[in-house]
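Undergrad: predicted model, plus sequence, below.
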Amino acid sequence: MNVTSATDSTSKSSSSTNSTTTASNSVDYNTFLQLLVAEMKNQDPTNPMDTSQYMSQFAQLSTVEQAMQTNTKLDALLSSQSLSQADGLIGKTVSFTDSTGATFSGKVKSISINSDGSVATLEDGTKVAVGPGLTISQS
C-alpha cells in the first residue's frame, strides 16, 4: 500500500518541491501522526498492519527527536564555554608566528567568536585566530 501524501499537494512546481524537501527533513510528532492515520485509513481491512510496527516507528521518531534536542543543547553549552574561555584571554599577552615566519606579540583587547572559531584582537588592531600556534602568557 502506498500513501502519497498526508498534506495538500496541488502544486508541483520547483518551489513546492524545495519546501517539501525542507519539511521532510524536520518530521515532527504531528506529521508522523497524520501519516499514521492516513496509513490506517487506507490499509487493507483483510490484512491489517501489525500495531507493533507503528509503535516501533514512533519510538524511533522519538529517539531521533531527542537526539536532535540534545545536539541543540550541546551546541549552546559549547558556545557558553567558548565565551567563558574568551573572557579569560582579555588582558593576557599572546605571541604567535605568522605564515611568513615573523613573530608577533601583544595584549588581547577583545575576542570575537564565530562559526570558524575564536579571533583575538590585539591592542594594536592585529587579529589572531585563537588556536594552535598561539602562546598565551600573563601580562
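TA: Good, I have the coordinates.

Undergrad: in three-state terms, label the residue nearest the centre of the chain for me.
TA: Within the chain, one residue has its C-alpha closest to the average C-alpha position: by C-alpha atoms, centre = their mean, that is residue 72, at 6.2 Å. Reducing the assignment to helix, strand or coil with DSSP: H, G, I helix; E, B strand; the rest coil, the entry for residue 72 is helix.

Undergrad: surely residue 106 is in a helix?
TA: No: per three-state DSSP, residue 106 lies outside any helix segment and is strand.

Undergrad: list the contacts of the residue nearest to it when sequence neighbours are not counted.
TA: Counting by C-beta to C-beta, 6 or more residues apart in numbering, the nearest residue to residue 106 once its immediate chain neighbours are dropped is residue 122, at 3.6 Å. No exception for glycine: its C-beta is placed from N, CA and C like everyone else's. Applying C-beta atoms under 8 Å, 6 or more residues apart in numbering to residue 122 gives the contacts 94, 106-109, 128.

Undergrad: what's the burial count for residue 111?
TA: 19 (other C-beta atoms under 10 Å).

Undergrad: beta partners of it?
TA: Counting by DSSP bridges, residue 111 forms beta bridges with residue 120.

Undergrad: that one contacts residue 89, correct?
TA: Yes: under the criterion of C-beta atoms under 8 Å, residue 111 is in contact with residue 89, at a separation of 5.7 Å.

Undergrad: identify the contacts common to the two.
TA: Common contact partners of residue 111 and residue 89 (C-beta under 8 Å, 6+ apart): 120, 130.

Undergrad: only the buried residues of the helix or strand harbouring residue 55, if you could.
TA: Secondary structure here is read from DSSP states H and E; on that basis residue 55 sits in helix 51-89. Of the residues in helix 51-89, those with enough neighbours to count as buried (16 or more other C-beta atoms under 10 Å) are 61, 86, 89.
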